[in-house]
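Q: I'd like to go over a predicted model; first the sequence, then the structure.
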Amino acid sequence: IGSSVISVNVDNFKIEAARTPRLQEAVAVFKKHFKPFTALGDASQVTVQFQISDETSDLSLKTDESYRLWIQTHNGKVIVVITALTFQGGRLGLETLSQLFQCEDQSCYMSTDVLINDAPKYPWRGVLLDTSRNYFSLETIKKDIDGLSAAKLNTIH
């Protein structure tokens, strides 16, 4: 990971090759997290390119969730390339991208000059919500699901 950062605005993000509805939904969730931060960024444009071989893959214990995240900056333009064999790997790459952001006040900063090759160590990563003995409101369960996504877990019971 590089040592430099650049300020960005999510409205300046250009998303390329998000062809399927579920990848478009993942991008919308990503953007929603950063919507409250409205300051103009130093980056004139951030282009996020997806190179996913199988965007329609289903999650199973044999699904390849590996991905490669590459961020490069040139003359105030940021190019992000997320490469994966499956949709699940692409989504994990997008989650990692969101973790490279630091937001405060009205501004967001992201790491630049980054190359990450990653894959989950275990195919089953999950948590159990014991709703038979403990009451969880629907809002709490939705927040838990968002947290599972941020922690890159893939199973909820």
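A: Now that the structure is in, tell me what you want to look at. None of these values were measured; they are calculated from a predicted model. Residues are numbered from 1 along each chain as shown.
Q: who are the contact partners of Thr131?
A: With contacts defined as C-beta atoms under 8 Å, 6 or more residues apart in numbering, Thr131 is in contact with no residue. C-betas here are computed from N, CA, C, even on glycine.
Q: which phi and psi does it have?
A: Dihedral pair for Thr131: phi -80, psi -10, per degrees, to the nearest 10.
Q: any figure for the gap between it and Ile156?
A: For Thr131, the distance to Ile156 equals 11 Å [C-beta to C-beta, to the nearest Å].
Q: now swap in Val127 and tell me
A: Between Val127 and Ile156 the distance, using C-beta to C-beta, works out to 6 Å.
Q: are there residues contacting both of these two? Which ones?
A: With C-beta under 8 Å, 6+ apart applied, the overlap between the contact sets of Val127 and Ile156 consists of 144, 148.
Q: what about the helices in this protein?
A: 21-34, 87-99, 138-150 (DSSP state H).
Q: so which of those helices is the most packed in?
A: When you average the neighbours per residue for each of those (mean count of other C-beta atoms under 10 Å), helix 87-99 leads with a mean of 21.
Q: now Gly126, nearest residue through space, not along the chain?
A: Spatial nearest neighbour of Gly126, excluding adjacent residues (C-beta to C-beta, 6 or more residues apart in numbering): Thr155 at 2.9 Å.
Q: quick check, the one you found in contact with Trp124.
A: Yes: Thr155 sits in contact with Trp124 when judged by C-beta atoms under 8 Å, with a separation of 5.9 Å.
Q: looking at these two, which has the bigger crowd around it?
A: Between Thr155 and Trp124, Thr155 has the larger neighbour count (other C-beta atoms under 10 Å), namely 13 against 9.
Q: tell me the pLDDT of the residue nearest to Ile141 when sequence neighbours are not counted.
A: In this structure, Ile141 finds its nearest non-sequential neighbour in Leu129, 6.8 Å apart by C-beta to C-beta, 6+ apart. As summarised for this prediction, Leu129 has a pLDDT of 86.
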